[in-house]
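Colleague: return atomic coordinates for the entry below.
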Amino acid sequence: MQNFYGNETADWLSYLPRWAMPKKRILIVDNDEDFQMLYSFYFEQLEFDISQAFSGQEALDMLAAGRQADLIILDRSMPAMDGEEFLTRLRTEKKMNTPVVIASVDSRVAPEILELGRVHASLKKPFNVDSLLKAVSEALDE
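Modeller: Here you go, the predicted model:
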């Protein structure tokens, strides 16, 4: 694939015209710094507004302070407050219905978590970047 300069572009850039404009806000909730850097690399290239939280509590605090998110990428396995507790509190206490993509070493999601709604995908780490971008695209296109 060629960009408008005539140069070759990576396959993941082909997603850009479909859903990256206007600028969307993604909150990444993951205690793994390497995955935070990976997410930031791809989503900043696509001109998303990225916020990072390294725990569920930090993410809830950010949202309570007024940080907006069009999508949350959530790790299930985090110390102190795991992804499932974060999602439960997000839906029940904060009454926020922001779409979520779960990305974790264990991709299984408990039925009661799915019943909370708007969990669009559950990806098993390590994942293919195309599968992440497809899940994000589908969640944002809803």
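Colleague: now do the helices in this structure.
Modeller: 16-19, 33-45, 56-64, 83-92, 111-114, 129-141 (DSSP state H).
Colleague: per-residue confidence at the residue nearest to the spatial centre of the chain?
Modeller: The centre of the chain sits closest to Ile73, judged by C-alpha atoms, centre = their mean, with a distance of 2.1 Å. pLDDT recorded at Ile73 is 93.
Colleague: just Ala110 next, same as before
Modeller: 59.
Colleague: in stretch 56-65, what's buried?
Modeller: Under the neighbour-count criterion of 16 or more other C-beta atoms under 10 Å, stretch 56-65 has 56-60, 62-63 buried. Where you see a C-beta, it was placed from the backbone N, CA and C, and this is true even at glycine.
Colleague: now tabulate the residues you listed in JSON lines and tack on pLDDT and distance to Met96.
Modeller: Below are these laid out as JSON lines (pLDDT from 0 to 100; distance: C-beta to C-beta, whole Å):
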{"residue": "Gly56", "pLDDT": "93", "distance to Met96": "13"}
{"residue": "Gln57", "pLDDT": "93", "distance to Met96": "15"}
{"residue": "Glu58", "pLDDT": "94", "distance to Met96": "15"}
{"residue": "Ala59", "pLDDT": "94", "distance to Met96": "11"}
{"residue": "Leu60", "pLDDT": "93", "distance to Met96": "10"}
{"residue": "Met62", "pLDDT": "94", "distance to Met96": "12"}
{"residue": "Leu63", "pLDDT": "94", "distance to Met96": "7"}
